[in-house]
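Asks: Just to be clear, the model below is a prediction. Sequence and coordinates:
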2 protein chains.
Amino acid sequence: MSLPPLTARAQDIQPFHVMDILARARALEAAGRDIVHMEIGEPDFATAFPIIEAGMQALRAGHTHYTPALGLPALREAIADFYSSRYGVEMAAARIIVTPGASGALLLALATLLGRDDELLLADPGYPCNRHFARFLEARARGIALGPASRYQLTAEAVAAHWQAHTRAVLVASPANPTGTLISSEALRGLYGTISERGGALVVDEIYHGLTYGCDAHTAAAVSDEVFVVNSFSKYFGMTGWRLGWLVAPTAFLPALERLAQNLFLAPSTIAQHAALAAFRPDTLAILEERREAFRQRRDFLVPALRELGFSVPVLPDGAFYVYAGCERFSDDSMALAQRLLEEAGVAVTPGVDFGSHQARHHLRFAYTTGMKRLEEGVARLARILR
Amino acid sequence: MSLPPLTARAQDIQPFHVMDILARARALEAAGRDIVHMEIGEPDFATAFPIIEAGMQALRAGHTHYTPALGLPALREAIADFYSSRYGVEMAAARIIVTPGASGALLLALATLLGRDDELLLADPGYPCNRHFARFLEARARGIALGPASRYQLTAEAVAAHWQAHTRAVLVASPANPTGTLISSEALRGLYGTISERGGALVVDEIYHGLTYGCDAHTAAAVSDEVFVVNSFSKYFGMTGWRLGWLVAPTAFLPALERLAQNLFLAPSTIAQHAALAAFRPDTLAILEERREAFRQRRDFLVPALRELGFSVPVLPDGAFYVYAGCERFSDDSMALAQRLLEEAGVAVTPGVDFGSHQARHHLRFAYTTGMKRLEEGVARLARILR
């Protein structure tokens, strides 16, 4: 009498090392210790009030039934309008699929692109869930080692050099997690050309769009109608807990994506969708732009402060809310260093080993998702034990 | 320059035929025609007010950040308490995983059980998404043809007869969609014994629990701590659009399920979880029990009315909100009949072909998710064209 063994899929998908850091931080806090959290990939701001108010109105109005699988038509239109007003890109609302978070968008897109043993190319360092999505689908993710020379971003040349018979798609993120770097429009066009010549698909993660400092990101949707663009209401729009994102997809893939969405999700959250209708209003955007400025100030404090402590930050991050910092001066074991910083300084950070294998033991990710006073406190504590 | 072909997975997952019925119904309505909707698998009631109010309070309190991947501890405790109070089953809250809908629970459970080419046994007729989940995971679903003799439910004997080397799990639903029948505790124990002897897993879909009429369902969680139980806040609790469900899982599988949940979903909706905390309150349950009584009245009207029209309903459905009715007297093409009922009678129903292949062309599913007056109107219209 026994259960079957865990599938190879379930065994291969590893936990995030930062979960151990987080659990230990919570234990220390429960014992009365003060911890500066620089490990958390979520804005500290609560959702902006106009969005919350729209959610409450939807509840009052009894909007609690399913929406269509691809989302409320009005929200798909609002997202299309946003591409027009913010990026000058015109697209049919029919190409926009509202999803349960960007996670849902990525799962749908990759499920239509990656059959068993097909290959996805992505950046190392990169967001760890991405390679796990490929594994989940019985496909393979291959991380390409990248460094400051290419601003940690895949290039057309790197893709061409690594393309194999079973490669089907390339995933890039702009701004990227953990490095915060953008890809230029030109580089995106080069990537798209190289990939489409080989009969592959380009998937671009734009979930940190809006959170760029001193510059604006260009959307890959402008490059071609055949690029898959993943975005989210979580980061710039500050709606993490609502679990809402979207996918811009090539027209030819829409029927299959709709079938998959019907089966996997039925529909995204109705309340979240009604609330998100308020995300594009001028009063909301004004609040979001204030928060963007707060993140810029934090970045502009944290990067030089980390450099002064002895961390290497060879490329200024353009956006997101992370600094991917070389810690080679202090350790060649980023997990051990993260544990030491937590125990000795009360500062929680994410070890580079969560983001791939290339130079991962020589990096830490610092998130500036906490206020300036706390960041200053964190840096002061680090100075005490690292200097 | 071209996109890759759609994956075999995406090609194999077929659309629901009822989507064509629904689209045509909407078109007829847009042209001014009145349609009685008996195709919709969603309660007509909006979410009960105490749950809505709890959602609004959570928004007012700014609960908009991520929760832990497995859900709010307080909600997991509340669900565990519900198993104790409603079923007399004690379980650790740690075994309860809160998910984005029952869909999320099923995807997690099957991802840990079904490797590539592994087999899932399920009932034919049955809910169509279930076999698509297996296909999504590069596994196989095999429907076992079932009829009124076994009340459309899998038996230990049928499972033993169909078990193969690659069979890993068996999925049953109680009450079932589309047939509304329950599985007895004894039958569940028999199924569990047969499956676990063979090293397989039993997954029980209990999402229609609470919606049984003149009887109460027993939970499969009472049979063994090694049964996977899927449930949802959608049906009895009336929270479809919130997208919230749960999985009760064997302890040995929890670490893998947590890793998968972290990667696939990050976390379920925060607002929905806070709202669901009010789902188990006595004032909420009183409302839900009134609605249950309304569903019972509808069933008790609809089943004899359909029989009188000439449909065969050999087994009285115990629960859910469906009648799976034989239409062999009228047609041997359930899709064509569904189209005719829509065009000629203005009544939308779901063709049996959406639920499998066994006798599927001889069945229609009638949902009683609309009020008594509308059901009476629907039956009167059917009488006019079928008699």
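Replies: Arrived safely.
Asks: which parts of the stretch 201-350 of chain A sit against chain B?
Replies: Residues of the stretch 201-350 of chain A lying close to chain B by C-beta under 8 Å from any C-beta of the partner chain are A:201, A:226, A:238-243, A:250, A:252-253, A:255-256, A:258-260, A:262-272. Heads up, the C-betas are built off the backbone N, CA and C, glycines and all.
Asks: Just the buried residues out of the residues you listed, in ChimeraX syntax.
Replies: Buried members of those, defined by 16 or more other C-beta atoms under 10 Å in any protein chain shown, are picked up in ChimeraX with:
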select /A:201,226,238,239,240,241,242,243,250,253,256,258,259,260,262,263,264,265,266,267,268,269,270,271,272
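Asks: Next step: the residues of the stretch 201-350 of chain A next to chain B restricted to helices.
Replies: Members of these lying in helices (criterion: DSSP state H): A:255-256, A:258-260, A:262-264, A:270-272.
Asks: Tabulate the residues you listed (TSV), appending pLDDT.
Replies: Putting those into TSV (pLDDT from 0 to 100) gives the following:
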residue	pLDDT
A:Pro255	96
A:Ala256	97
A:Glu258	96
A:Arg259	95
A:Leu260	96
A:Gln262	94
A:Asn263	93
A:Leu264	94
A:Thr270	97
A:Ile271	98
A:Ala272	98
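Asks: Pick the one among those residues closest to chain B.
Replies: A:Thr270 (3.1 Å; C-beta to the nearest C-beta).
Asks: Look up the closest residue to the closest one, ignoring the ones flanking it.
Replies: Nearest non-adjacent residue to A:Thr270, counting by C-beta to C-beta, 6 or more residues apart in numbering or on different chains: B:Gly241, 3.1 Å away.
Asks: so who does that neighbour touch?
Replies: Applying C-beta atoms under 8 Å, 6 or more residues apart in numbering or on different chains, we find B:Gly241 in contact with A:63-67, A:267, A:269-271, B:47.
Asks: change it to 10 Å
Replies: By C-beta atoms under 10 Å, 6 or more residues apart in numbering or on different chains, B:Gly241 lies in contact with A:58, A:62-67, A:266-274, B:42, B:46-47, B:234, B:272.
Asks: Same check on A:Glu290?
Replies: By C-beta under 10 Å, 6+ apart, A:Glu290 lies in contact with A:45, A:48.
Asks: Point to the helix or strand of chain A where mean pLDDT is at its lowest.
Replies: Scoring the helices and strands of chain A by mean pLDDT, DSSP states H and E places helix A:17-30 at the bottom, with a mean of 92.
Asks: What residues sit buried inside that one?
Replies: Under 16+ other C-beta under 10 Å, the buried positions of helix A:17-30 are A:17-18, A:21-22, A:24-25, A:28.
Asks: got it, and stretch A:206-224?
Replies: For stretch A:206-224, by 16+ other C-beta under 10 Å, it's A:206-213, A:217-224.
Asks: these two touch, right, A:Arg76 and A:Tyr83?
Replies: No. A:Arg76 lies out of contact with A:Tyr83 (C-beta atoms under 10 Å); the separation is 11.1 Å.
Asks: and for those two, which residues touch both?
Replies: Residues within reach of A:Arg76 and of A:Tyr83 at once, by C-beta under 10 Å, 6+ apart, are A:93, A:95-96.
Asks: Adding distance to chain B, write those out as CSV.
Replies: Output for these, formatted as CSV (distance: C-beta to the nearest C-beta, whole Å):
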residue, distance to chain B
A:Ala93, 17
A:Arg95, 14
A:Ile96, 18
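Asks: Which of the residues you listed has the largest number of neighbours?
Replies: When neighbours are taken as other C-beta atoms under 10 Å in any protein chain shown, the top entry among the shared contacts of A:Arg76 and A:Tyr83 is A:Ile96 (26 neighbours).
Asks: So which of the shared contacts of A:Arg76 and A:Tyr83 are in strands?
Replies: Of the shared contacts of A:Arg76 and A:Tyr83, the ones assigned to strands by DSSP state E are A:Ile96.
Asks: ok, of the shared contacts of A:Arg76 and A:Tyr83, which one's closest to A:Pro4?
Replies: A:Pro4 lies nearest to A:Ile96 out of the shared contacts of A:Arg76 and A:Tyr83, by C-beta to C-beta, at 39.9 Å.
Asks: and the gap between that closest one and A:Glu226?
Replies: 15 Å (C-beta to C-beta, to the nearest Å).
Asks: likewise A:Arg329?
Replies: 45 Å.
Asks: A:Ser150 now?
Replies: 24 Å.
Asks: Would you map out the domains in chain A?
Replies: Per the record, chain A has its domains at A:8-46+A:284-386, A:49-281, by automatic domain parsing.
Asks: these two touch, right, A:Ala94 and A:Pro73?
Replies: Yes. Using C-beta under 10 Å, A:Ala94 is in contact with A:Pro73, at 9.5 Å.
Asks: and the residue of the stretch 101-250 of chain A nearest chain B?
Replies: For the stretch 101-250 of chain A, C-beta to the nearest C-beta, closest residue to chain B: A:Gly241, 3.1 Å.
Asks: Chain A: helices as residue ranges?
Replies: A:8-12, A:17-30, A:49-60, A:73-82, A:101-113, A:128-136, A:156-162, A:185-197, A:254-264, A:270-276, A:282-309, A:334-340, A:372-386.
Asks: Could you list the low-pLDDT ranges of chain A?
Replies: In the predicted model of chain A, residues A:1 satisfy pLDDT under 70.
Asks: one more time with 90
Replies: Scanning chain A for pLDDT under 90 picks out the ranges A:1-2, A:14-16, A:19-20, A:40-41, A:387.
Asks: and A:Arg329, how many residues sit next to it?
Replies: Applying other C-beta under 10 Å, we find 11 other residues in the vicinity of A:Arg329.
Asks: Leaving out chain neighbours, which residue sits closest to it?
Replies: Nearest residue to A:Arg329 in three dimensions, chain neighbours excluded: A:Gly310, at 4.7 Å (C-beta to C-beta, 6+ apart).
Asks: so how far is A:Arg387 from A:Ser334?
Replies: A:Ser334 is 19 Å from A:Arg387, by C-beta to C-beta.
Asks: higher neighbour count, those two?
Replies: In this view A:Ser334 and A:Arg387 are compared by other C-beta under 10 Å, and A:Ser334 has more residues nearby, 27 against 8.
Asks: That one against A:Cys327, yeah?
Replies: Yes. Taking C-beta under 10 Å as the definition, A:Ser334 is a contact partner of A:Cys327 at 6.2 Å.
Asks: Alright, that wraps it up for me.
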